[in-house]
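> coordinates for the following, if possible.
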Amino acid sequence: MSRRASANLHRSYREVAKDFRDNPGQFEAYESTGDCVILAGPGSGKTKILTTKLARMLAEDVRPPHGIACITYSLECAGELQRRLAALGVEEARNVFIGTVHSFCFKNILLPYGHLSDLQLLSEPSIATDEQRRDLFESALKTAVSADEQPWRWRTRFECYRRNFPDQDGEEFRENDVDAANVVLHYEAALRERNLIDFDGMVLNGLRLIERHEWVRRAIRARFPILAVDEYQDLGLPLHRIVTSLCFNAEVRLLAVGDPDQSIYGSFGAKPELLQALARIEGVQAVRLPFNYRCGQTIVAMSETVLGQARGYQSKTEQAGTIDFYERPEGLAQQAKMICEELIPEVLGRKPNRRLGDIAVLYLDKNDGEVIAEAVAAAELKYVRIDKGAPYRRTPLTRWIEECAEWCSGGWEKGLPRLSLLIRVWLGLDRSLRSSSDRRARRLELVRFLFSHRDAKLHLSDWLDDLFETSLTHTLHVEPALADQQVALAELSAACRDAGKLAGITLGAFSGQTGSPQHLNLITLHSAKGLEFDAVIMMGMDQGRIPSWSETTSAAKQQSRRLFYVGLTRARHEVHLTYSGWTENKYGQRYLNGPSEFLLEVKRKLAET
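Numbering: from 1, shown residues only. Predicted coordinates for the structure are as follows:
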């Protein structure tokens, strides 16, 4: 980093840090000098304090070639951190890593050290495609258990067992569930035979390398003496053990941020109690952020009602916020029709400058997404949809394409997204680029394409065709690690053609697929975490759906409670809850269980107050 760049960085983060002086929790975290765990509720400014603290530590506490690794759960979270840090002058470099836990383990542990260890890993393994993972899992199931077993019945059992019992040499691994253990062993052996690795394998093998070899821990500490973890509650046991091994055995400094109340990925191995345990370790400074800068006090109070536990959060907004309820007894389709024809126009009309992008419709799954998307299309509203029914999957490659489209559609005038970041991500996707001359040539190729396609009115299909011709084709041909992402790329290309969901769309409209003021947001409750909107509409809030019919005990309902809590706390000013009072199974049998018990708890509490 040049002296001038460093000076600019100092002014940038120091200016932002002035806002923390009126917030004791944020200021305490900003001033921390050792291991620190920040317990941050919704709207508490946790991303702001995390990124500002990272910028400060990078400027004051480490010197190149030493640096900082910042890891998180999802691509969306990683992208938001990258954008926030770029605004502070911090971008990925050799001594700065910003990405998912899977990417961290693959790039910074397995690739440099895996083939030197006793894990039987070859150098530069390829990432297994969805098809390869499915075939190898089904083969392992037949071999380890029986050819008569149904793979869909075993998928969750297999994945949870693999994540929760990473010690394959221990008695607990084999004795807890013998069949599941055997499936895991056969599956991982098949991956190794083909020099493949999957996403769970990146983290599990990274953990094994770190725990077994002191020299690996020392090598990581030499490069990244500071480790930051965002959304800690979502990252599960393997990541927790990586953190404790690096921080308490190798003296890597830790900055962890999370909220156990927003842990909604239990089926993927998330354990919110691990963050609470981390905060109680002697020598770790635990800081709670008590203020909510997003939600009105009514919304804050009712969200604590849903949790069933008082957290003492205080709203710092001027508006109290509102929560309203709507019964539409004819089912989801009637709810969706009312949302589009009545509710959205009313919400838009309440504020003169409010736009569609300020509103989100939240729902449980892609099936609900189909219902609301059909109603929104009938109402001729523009929308962006984030669920498994979206026109294409979001992968690192398609996310990069979205950001290139955003840059070409006008982002270049504001410097967002940053061109340097687009180039760095692009070069990182192609591991075949060995020489500096090759990297310069590919960089120039991309820059020429982007500058010559700065037109929001271009048809997306034409823009993609040109991108394929000038840049993508070569990389996709020579980089086997992108094989799985080519499926998502093919989905995107097909969606742009005749009869596709994105047929005829312009580049400017496509750049709105990542969220824009002109597009209504249709999002699953799980995907909404980390986002915020003026108004949130939660659709299908019926008993048997949330909580589900299978969640019969108080303990079993906790994750659904947290999911409902996450939905409520996405809203700044307005929450609208719709329900029908019944659910229906796949055979058409109807169950008249009424609205969600969580909705009723909120309704009763509002009536009392």
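> number of nearby residues for the closest residue in space to Val96 that isn't next to it in sequence?
With CB to CB, 6 or more residues apart in numbering as the criterion, Val96 has its nearest non-adjacent residue at 5.1 Å, and that residue is Gly67. To be clear about C-beta, it is placed using only N, CA and C from the backbone, and glycine gets the same treatment. The number of residues packed near Gly67 is 20, by other CB atoms under 10 Å.
> all further residue positions should be reported with the first residue as 17.
With the count now opening at 17, the last piece we talked about shows up as Gly83.
> wait, isn't Gly83 in contact with Glu108?
No - contact status for Gly83 versus Glu108: not in contact, 10.0 Å apart, counting by CB atoms under 8 Å.
> pull the contacting residues for Glu357.
Residues in contact with Glu357 (CB atoms under 8 Å, 6 or more residues apart in numbering) are Ala395.
> where's it relative to Gln350, distance?
Going from Glu357 to Gln350 by CB to CB, to the nearest Å gives 11 Å.
> got it, and His475?
Relative to Gln350, and taking CB to CB, His475 is found at 37 Å.
> what does Phe614 give?
Distance of Phe614 to Gln350, computed by CB to CB: 21 Å.
> cool, Glu429 as well?
44 Å.
> neighbour count for the two, which is higher?
Gln350 (16 against 9).
> need the contact list for the residue nearest to Val112.
The contact partners of Gly83, taken as CB under 8 Å, 6+ apart, are 74, 109-113, 239-242.
> if we use 10 Å, what do you get?
73-74, 108-113, 239-242 (CB atoms under 10 Å, 6 or more residues apart in numbering).
> can you tell me which of these are in strands?
Filtering the contacts of Gly83 for membership in strands, criterion DSSP state E, returns 112-113, 242.
> is it possible to get a markdown table of those that adds neighbour count?
A markdown table is the format used below for the ones in strands among the contacts of Gly83 (neighbours: other CB atoms under 10 Å):
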| residue | neighbour count |
| --- | --- |
| Val112 | 19 |
| Phe113 | 20 |
| Ile242 | 21 |
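> make JSON lines out of those residues and add pLDDT and distance to Gly560.
Listed next are those as JSON lines, based on pLDDT from 0 to 100; distance: CB to CB, whole Å:
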{"residue": "Val112", "pLDDT": "92", "distance to Gly560": "47"}
{"residue": "Phe113", "pLDDT": "93", "distance to Gly560": "44"}
{"residue": "Ile242", "pLDDT": "97", "distance to Gly560": "47"}
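> just the closest of those residues to Gly556, please.
Nearest to Gly556 among those is Phe113, at 39.4 Å by CB to CB.
> so how far is Glu334 from the closest one?
For Phe113, the distance to Glu334 (CB to CB) stands at 39 Å.
> which residues of the stretch 417-566 of the chain score low on pLDDT?
Residue ranges of the stretch 417-566 of the chain with pLDDT under 70: 447-449, 490-500, 528-532.
> would you state the strands of it in chain order?
For the stretch 417-566 of the chain, the strands defined by DSSP state E, counting those that start in this stretch occupy 536-540, 549-554.
> ok, which of those comes nearest Leu66?
Among the strands of the stretch 417-566 of the chain, strand 549-554 comes nearest to Leu66, with 21.5 Å by CB to CB.
> ok, which stretches of the stretch 67-216 of the chain are helices?
With DSSP state H, counting those that start in this stretch as the criterion, the stretch 67-216 of the chain has helices at 91-103, 117-121, 127-129, 146-160, 167-180, 187-192, 194-209, 215-228.
> just the buried ones from the contacts of Gly83, in PyMOL syntax?
Buried members of the contacts of Gly83, defined by 16 or more other CB atoms under 10 Å, are picked up in PyMOL with:
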select buried, resi 73+74+108+111+112+113+239+240+241+242
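> what is the neighbour count of Arg586?
Neighbours of Arg586 under the rule other CB under 10 Å: 26.
> so which bits of the lengthiest strand in the chain are buried?
Ranked by residue count, the top strand of the chain under DSSP E comes out as strand 587-595. Across strand 587-595, burial judged by 16+ other CB under 10 Å covers 587-595.
> wait, which of those is closest to Gly385?
For the buried residues of strand 587-595, the nearest to Gly385 is Thr594 (14.8 Å; CB to CB).
> quick check: beta-bridge partners of that closest one?
Tyr342 (DSSP bridges).
> is it in contact with Ala349, as I believe?
No - Thr594 lies out of contact with Ala349 (CB atoms under 10 Å); the separation is 11.6 Å.
> not counting its neighbours along the chain, what's nearest the most centrally placed residue in the chain?
Note on the chain: the residue nearest the mean C-alpha position is Ser90, at 3.0 Å, using CA atoms, centre = their mean. Distance criterion CB to CB, 6+ apart; nearest residue to Ser90, sequence neighbours excluded, is Thr116 at 6.6 Å.
> quick one, what contacts that neighbour?
By CB under 10 Å, 6+ apart, Thr116 lies in contact with 87-94, 122, 215, 218-219, 251, 412.
> and with 7 Å instead?
Taking CB atoms under 7 Å, 6 or more residues apart in numbering, we find Thr116 in contact with 87-91, 94.
> columns pLDDT and distance to Ala544 on top of these, output as JSON lines?
Listed next are the contacts of Thr116 as JSON lines, based on pLDDT from 0 to 100; distance: CB to CB, whole Å:
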{"residue": "Ile87", "pLDDT": "94", "distance to Ala544": "22"}
{"residue": "Thr88", "pLDDT": "90", "distance to Ala544": "16"}
{"residue": "Tyr89", "pLDDT": "82", "distance to Ala544": "14"}
{"residue": "Ser90", "pLDDT": "82", "distance to Ala544": "12"}
{"residue": "Leu91", "pLDDT": "80", "distance to Ala544": "15"}
{"residue": "Ala94", "pLDDT": "85", "distance to Ala544": "17"}
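> of the residues you listed, closest to Ser543?
The nearest one, if we look at the contacts of Thr116 relative to Ser543 and count by CB to CB, is Ser90, at 9.0 Å.
> any idea how far that closest one lies from Arg410?
9 Å.
> same deal with Asp384?
Using CB to CB, Asp384 is found at 19 Å from Arg410.
> next: Asp216.
Going from Asp216 to Arg410 by CB to CB gives 19 Å.
> quick one, helices of the stretch 217-366 of the chain?
Counting by DSSP H, counting those that start in this stretch, the segments of the stretch 217-366 of the chain that form helices are 230-239, 252-265, 288-296, 313-323, 348-354, 360-365.
> of all these, which lies closest to Arg149?
Comparing the helices of the stretch 217-366 of the chain against Arg149 with CB to CB, the closest turns out to be helix 252-265 (17.7 Å).
> the closest one to helix 230-239, inter-axis angle?
80 degrees (axes from the mean of the first three to the mean of the last three CA atoms, to 10 degrees).
> contact partners of helix 252-265?
Under CB under 7 Å, 6+ apart, the answer for helix 252-265 is 51, 117, 179-180, 182, 219-220, 222-223, 226-227, 233, 236, 243, 245, 268, 270, 285-287, 290.
> just want the angle from that helix to helix 215-228.
30 degrees.
> pull the CA atoms of helix 252-265 into PDB?
Extracted as PDB, the C-alpha positions of helix 252-265 are listed here (Å, rounded to 0.1, in the frame of the first residue of the first chain):
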ATOM      1  CA  GLY A 252     -21.400 -24.600  12.400                       C
ATOM      2  CA  LEU A 253     -19.000 -26.900  14.300                       C
ATOM      3  CA  PRO A 254     -16.100 -27.300  11.700                       C
ATOM      4  CA  LEU A 255     -15.700 -23.500  11.400                       C
ATOM      5  CA  HIS A 256     -15.900 -23.100  15.200                       C
ATOM      6  CA  ARG A 257     -13.100 -25.600  15.700                       C
ATOM      7  CA  ILE A 258     -11.000 -23.900  13.000                       C
ATOM      8  CA  VAL A 259     -11.400 -20.600  14.800                       C
ATOM      9  CA  THR A 260     -10.600 -22.000  18.300                       C
ATOM     10  CA  SER A 261      -7.600 -23.900  17.000                       C
ATOM     11  CA  LEU A 262      -6.200 -20.900  15.200                       C
ATOM     12  CA  CYS A 263      -7.000 -18.300  17.900                       C
ATOM     13  CA  PHE A 264      -6.300 -20.300  21.000                       C
ATOM     14  CA  ASN A 265      -3.500 -22.600  19.800                       C
END
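> please consider this matter closed, and thank you.
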